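*Asks:* I'd like to go over a predicted model; first the sequence, then the structure.
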Amino acid sequence: MSGHTTPPDDYEYEPWYKYGVAFLFFEAGLAVAVSIYALSMAFSGQAVQFKKKVVFDKPKAAVEAESKREQQDHSTITVPAKEE
Amino acid sequence: MRNIKTHKVEQLIMAAVAFFWCFLLWFSSAAFVPTIASQFDLSVKGVALLASSAIWTAPIARPLAGWAADKFGAPKAFVLILVVTGTFSILSAYANTLGPAIGLTEYQFLFWSRVIVATAGISFVVGIQHVAQWFESEEMGTAEGLYAGTGNVGAGVGALLLPRIYGLDYHTAFIHLGIVAFVIAAWILLRGVPAKSAEQAAMAKKTATFRDTAFVWTRHAAIALMLAYAMSFGLEIGMNAWLPGYYKMGFEEAIRGLGFETLQDVQIAAGSFAAVQSFNASLFRPFSGWISDVWQRKGWTPFPMISKHLEYAPRIHWLMFALLAITTTMIMLTVAGLQNNLVLSVLILALFGITVSFGTGGTFAIVPLMFKERPGTATGFIGGVSCVGGIVYPLIYGEAAGWFEVGGIHWGYALVAICMFIPFILYFIWAMHWDVHPEEHGFGSKEKWLGKKSA
């Protein structure tokens, strides 16, 4: 985004600027942290969860189709209609 | 103009927060794709359609949003976007009752209301215009970087946090997202000021004309930059919408093998992997501008055929490097997928996200320099039409899944890279070979579009 000509060496930035640049570094650090977290998840199989709740009711047709598939293939995902 | 005592940093924070929330709204459906796909029994093509639908309105609405920001001021445009999308976000949570009430199925109502919510993404152009109205050219790079980078990360935050906070309960999530959109709209309504001076706001109103728009839209350089942005930002948003579903479908066995057994667990894992791309593509974006500055200072122009004599030639070469890097990592994603190697796929995805950020930041390091006289029009065109990529790529990924007997879902990345990106790059090279005013070459002469006075 810094598509404008490079400012002269003696250009004096306003006070907010250094905080802005520091925030850019913070954001890059955050991106690296998220990548490391996702990779560690991929290795360990553990994830942080805040809440477990299922509230939707599957449409009847979808439930029937799913149970049919289950009978044919045991590896199909099963989603309970309600779970607390 | 309203007489409010404000500071440009307040306006920057306001724009970044509004754009962040719009981005969160934009891709909040994607975070719940595994749940929605399971609830409504969607096929791979159905998931691809849902993913691409998030971007349908962007190519047309973004140039309009840019015009509206110039005409009425960015704060009003932001408020309108937040109120409309916030309202439909709340309505979409009641699809089971509202759909049948108007003669639609629950899924049809949910699908179309989410298409309207996804128009929140047009706010990018509004914020770019707002920041440009407040900051000096010397600090514009950092200001625009902070705005765009922070705002873009809304998609990653959604993919990472929404499934954790709301589980499978996407209804409540959509309601809460809509309510917060109203709160931000109220803040902007109270504190938003269109420009640092009344003169500047008035100037913005005068610049956009039909002739100038037609001129910019037909320039080879503008089209090449639009394609470059379609390869980077268009790809980023397409992937935001596609990846949670991709990891659920493409690596389900591997994810379950790690111990994520229930649908909710798989959704959380898939969302977290998808967030890697979004976080890197967003948060490294400002650094791409900084690297562009470094190439400019060092005078690096390594690629043949592309101009080496333009004042900003190194920035074009940096973008060329980014485009090659994106194409390479796309092919690597397919390779990792075909090996069913989840760890390698996530690792490459992180790298891929960084290369995408190189492309997004690199493109807008050139646009204001190449189109000095018409930056708003060029931004609307390049930032808007490029979003078509976000619609097309997920559809190709979904189609490709049926073309191959083994690992079809992984092949889409390589197909897009080879059949689309390589021709885009060749066009980019050709459009950037002129050493003098590359922005003036195009379909039809300057005189034809702008009249003899401007020639």
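*Replies:* Right, received. Where do you want to start?

*Asks:* report the buried residues of whatever helix or strand residue A:29 lives in.
*Replies:* Residue A:29 belongs to helix A:16-44 when assigned by DSSP states H and E. Applying a neighbour-count criterion of 16 or more other C-beta atoms under 10 Å in any protein chain shown, one finds A:16, A:20-21, A:23-24, A:27-28, A:31-32, A:34-35, A:37-39, A:41-42 buried in helix A:16-44. C-beta: built from backbone N, CA, C; applies to glycine.

*Asks:* do stretch B:250-259 as well
*Replies:* B:250-252, B:254-256, B:258.

*Asks:* check stretch B:401-416 too.
*Replies:* B:401, B:408-416.

*Asks:* just put these in a markdown table and tack on pLDDT, distance to residue B:330 and secondary structure.
*Replies:* Listed next are the buried residues of stretch B:401-416 as a markdown table, based on pLDDT from 0 to 100; distance: C-beta to C-beta, whole Å; DSSP: H, G, I helix; E, B strand; the rest coil:
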| residue | pLDDT | distance to residue B:330 | secondary structure |
| --- | --- | --- | --- |
| B:401 | 82 | 16 | coil |
| B:408 | 83 | 16 | helix |
| B:409 | 88 | 14 | helix |
| B:410 | 92 | 11 | helix |
| B:411 | 93 | 11 | helix |
| B:412 | 93 | 9 | helix |
| B:413 | 95 | 5 | helix |
| B:414 | 95 | 7 | helix |
| B:415 | 94 | 9 | helix |
| B:416 | 96 | 6 | helix |
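
*Asks:* can you list the weak-confidence ranges in the chain?
*Replies:* You didn't say which chain, so I picked chain A. A:1-11, A:42-84 (pLDDT under 70).

*Asks:* correction: the question concerned chain B.
*Replies:* If you take pLDDT under 70 as the line, chain B has these spans: B:1-3, B:137-138, B:141, B:200, B:203-208, B:375-376, B:452-455.

*Asks:* can you redo the buried residues of stretch B:250-259 as TSV with secondary structure and distance to residue B:385?
*Replies:* Below are the buried residues of stretch B:250-259 laid out as TSV (DSSP: H, G, I helix; E, B strand; the rest coil; distance: C-beta to C-beta, whole Å):
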residue	secondary structure	distance to residue B:385
B:250	helix	30
B:251	coil	33
B:252	helix	35
B:254	helix	37
B:255	helix	36
B:256	helix	40
B:258	coil	40
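
*Asks:* if we look at chain A, which of those residues are close to it?
*Replies:* B:252, B:258 (C-beta under 8 Å from any C-beta of the partner chain).

*Asks:* quick check, nearest of the buried residues of stretch B:250-259 to residue B:317?
*Replies:* Distance to residue B:317 across those (C-beta to C-beta) is lowest for residue B:250, with 35.1 Å.

*Asks:* what sits closest to that closest one if chain neighbours are left out?
*Replies:* residue B:409 (4.6 Å; C-beta to C-beta, 6 or more residues apart in numbering or on different chains).

*Asks:* I'd guessed the one you found sits against residue B:247; true?
*Replies:* No. If you go by C-beta atoms under 8 Å, residue B:409 and residue B:247 don't touch, sitting 10.1 Å apart.

*Asks:* any idea how many residues pack against the nearest residue to residue B:153 once chain neighbours are set aside?
*Replies:* On the basis of C-beta to C-beta, 6+ apart, the spatially nearest residue to residue B:153 that is not a chain neighbour turns out to be residue B:282, at 4.0 Å. Here the number of neighbours of residue B:282 (other C-beta atoms under 10 Å in any protein chain shown) works out to 30.

*Asks:* shouldn't residue B:147 be within a strand?
*Replies:* No. Read with DSSP: H, G, I helix; E, B strand; the rest coil, residue B:147 is helix and lies in no strand.
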